[in-house]
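Asks: got a predicted structure here, sequence first:
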Amino acid sequence: MTRLNPEFAEEMKHFGEDTALACFNCGTCAAICPLLYEHFPRKMIRYIQIGAKDRILQNAQELWKCLHCGLCTQTCPREANPGEILLGLKRMVVDHWRKS
Amino acid sequence: MYHPRDIIEIIAGNIRNTRNPFGIPQALVNRWWVKSQIPKQGDALLFTGLMYQFIPYIEKSTGYLAKYENTGLAGTLRFARYVPSYLSGLGLAMLTSGREKKKFNRILTDIVRILQASGADFYYDPDLDRYSGVLLYDLGDQDGFVAHARWVANRLQKAGVKKLITVDPHTTYAVKELFPKYTGITFEVSSYMEKIHVTATNGTWKVALHDPCFYGRYLGLSDVPARALSRLGIECAEVENAGAFTHCCGGPAESISPKLSAEVGERRLKQLKATGAPIVAMCPICLGNLRKLGAEVADLSTVIADTLQ
């Protein structure tokens, strides 16, 4: 069972990320990402939207597969900046690891 | 794939202790300038950010990572952070071949020759030329990046530096975009490519120019090298995925997963090879990663410097 945290999107602002809620899950980012088979980065953005912080922490290592190449940000029709969202998630996870 | 936490803590510890991600003392890693005739005074500081100097060490260390990825030994990496930085750095420096170091140092001396031939007003001070910390930023160690970036920016500011000439896309992005945002200190930053003003009529050939992500998208500088090459009679072949839509070389994943890095790089290499033209890179990470895959790749500076002879 996944516990949902409605404040999670707000919490992410502390890590420089405040655009995840703009995403309407069109999948352009997942289609253009060099990690085609990973459903990247849409899955992680969806987890922020529904407040599934635990799910992100369980799959945290996957975040570092992101090459920070910026193709998703270049093509996002909502200008939700998926590449920077993933960078914000990396910051959140590093902070969590160091505190735990 | 290695656990990102192990990689991050090793790199962060090395940067805290030695100011570079490999723990190698500055005097050992930055020696390209020793026999060069570079002005000690001028308008803009040549700021290499040490990225080209690091490539032989990156190749050596990621070679070991590739060997043990997904094996039982991969987990032992977590203990590496307890090895003193200077000790592991000296070890890596001794294991890395001098020939490889010279090869990448030549790129920097070529850049100096190009800037001098272009009449650029610049100088070099090896003590001010430090690693920007951009890898910590990319890996998500924001606190570590900001602390290091402040140290670098403060040193430059105290020395009265106002203008920087950079040589690679990652350092350019760090000092141009990230330093003002996270340290509050702004410099006038130009890539050396923007300073190239040389012409030649002796060449009419084509190259396959690989745009790095940071020039193509983050900094929007793709047209600059193409124009410089065009003035030398060198045409850029049409590469599938270029400019703002350029394809990653896979390099940024090389420490976390050499396997993934190679997979992405192979895809890019196929696109570049399809042109049939010699491949040219302008980023040390791209250059190192594409070469690692067996491709013959020249640096932009080498191609331009060769036309000066």
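Replies: Here it is on my side, so go on. Residues are numbered from 1 along each chain as shown, chains lettered A, B, ... in the order given.

Asks: contacts and neighbour counts: CA atoms only from here.
Replies: Noted.

Asks: the stretch 101-250 of chain B against chain A: which residues are in contact?
Replies: When proximity is defined as Cα under 8 Å from any Cα of the partner chain, the stretch 101-250 of chain B approaches chain A at B:138-142, B:213-214, B:217-218, B:244-245, B:247-248, B:250.

Asks: got TSV for those, with distance to residue B:180, pLDDT and neighbour count too?
Replies: Converted to TSV, these look like this (distance: Cα to Cα, whole Å; pLDDT from 0 to 100; neighbours: other Cα atoms under 10 Å in any protein chain shown):
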residue	distance to residue B:180	pLDDT	neighbour count
B:138	17	96	19
B:139	20	96	27
B:140	18	97	23
B:141	18	97	24
B:142	15	97	23
B:213	21	97	28
B:214	17	97	24
B:217	19	96	21
B:218	15	96	18
B:244	24	96	22
B:245	26	96	19
B:247	28	97	27
B:248	26	96	26
B:250	28	94	27
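
Asks: could you dump those residues to JSON lines with distance to residue B:47 and secondary structure?
Replies: Listed next are these as JSON lines, based on distance: Cα to Cα, whole Å; DSSP: H, G, I helix; E, B strand; the rest coil:
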{"residue": "B:138", "distance to residue B:47": "20", "secondary structure": "helix"}
{"residue": "B:139", "distance to residue B:47": "23", "secondary structure": "helix"}
{"residue": "B:140", "distance to residue B:47": "24", "secondary structure": "coil"}
{"residue": "B:141", "distance to residue B:47": "23", "secondary structure": "coil"}
{"residue": "B:142", "distance to residue B:47": "22", "secondary structure": "helix"}
{"residue": "B:213", "distance to residue B:47": "20", "secondary structure": "helix"}
{"residue": "B:214", "distance to residue B:47": "17", "secondary structure": "helix"}
{"residue": "B:217", "distance to residue B:47": "22", "secondary structure": "helix"}
{"residue": "B:218", "distance to residue B:47": "19", "secondary structure": "helix"}
{"residue": "B:244", "distance to residue B:47": "25", "secondary structure": "helix"}
{"residue": "B:245", "distance to residue B:47": "28", "secondary structure": "helix"}
{"residue": "B:247", "distance to residue B:47": "27", "secondary structure": "coil"}
{"residue": "B:248", "distance to residue B:47": "24", "secondary structure": "coil"}
{"residue": "B:250", "distance to residue B:47": "25", "secondary structure": "coil"}
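
Asks: which of those sits closest to chain A?
Replies: Lowest distance from chain A to these (Cα to the nearest Cα) belongs to residue B:140, with 4.4 Å.

Asks: got a list of what that closest one touches?
Replies: With contacts taken as Cα atoms under 8 Å, 6 or more residues apart in numbering or on different chains, residue B:140 has the following neighbours: A:87, A:88, A:90, A:91, A:94.

Asks: give me the number of residues near the second one?
Replies: What it means is residue A:88. Other residues near residue A:88 come to 21 when the count uses other Cα atoms under 10 Å in any protein chain shown.

Asks: and if you look at the third one?
Replies: Neighbour count of residue A:90, defined by other Cα under 10 Å: 26.

Asks: can you report phi and psi for it?
Replies: Dihedral angles of residue A:90 (phi, psi; degrees, to the nearest 10) stand at phi -60, psi -40.

Asks: ok, the residue nearest to it when sequence neighbours are not counted to residue A:94 distance?
Replies: Using Cα to Cα, 6 or more residues apart in numbering or on different chains and skipping the chain neighbours, the partner closest in space to residue A:90 is residue B:140 (4.9 Å). When distance is defined by Cα to Cα, to the nearest Å, residue B:140 is 7 Å away from residue A:94.

Asks: quick one: the helices in chain B?
Replies: Assigned helices in chain B, in chain order: B:4-18, B:26-29, B:51-68, B:85-95, B:98-117, B:134-139, B:142-158, B:169-173, B:179-183, B:213, B:223-230, B:258-273, B:284-292, B:300-307 (criterion: DSSP state H).

Asks: deepest of those helices, which one?
Replies: helix B:213 (a mean of 28; mean count of other Cα atoms under 10 Å in any protein chain shown).

Asks: can you give me the pLDDT of the nearest residue to residue B:273 once chain neighbours are set aside?
Replies: Spatial nearest neighbour of residue B:273, chain neighbours left out: residue B:279 (7.5 Å); criterion: Cα to Cα, 6+ apart. In the prediction, the pLDDT value recorded for residue B:279 is 98.

Asks: how many neighbours does residue B:279 have?
Replies: Counted with other Cα under 10 Å, the neighbours of residue B:279 add up to 23.

Asks: equivalent analysis for residue B:163, please.
Replies: Residue B:163 is flanked by 18 other residues according to other Cα under 10 Å.

Asks: can you name the residues bridging to it?
Replies: Listed by DSSP bridges, the beta-bridge partners for residue B:163 are residue B:188.

Asks: ok, it - contacts?
Replies: B:43, B:44, B:45, B:187, B:188, B:189, B:190.

Asks: one more time with 6 Å
Replies: Taking Cα atoms under 6 Å, 6 or more residues apart in numbering or on different chains as the criterion, residue B:163 is in contact with B:44, B:187, B:188, B:189.

Asks: go on, residue A:39?
Replies: Listed by Cα under 6 Å, 6+ apart, the contact set of residue A:39 reads residue A:30.

Asks: let's see 8 Å
Replies: If a contact means Cα under 8 Å, 6+ apart, then residue A:39 has A:30, A:31 as its contacts.

Asks: check residue B:159 too.
Replies: For residue B:159, the contact set (Cα under 8 Å, 6+ apart) is empty.

Asks: swap the cut-off to 10 Å and go again
Replies: Residues near residue B:159 by Cα atoms under 10 Å, 6 or more residues apart in numbering or on different chains: B:128, B:153.
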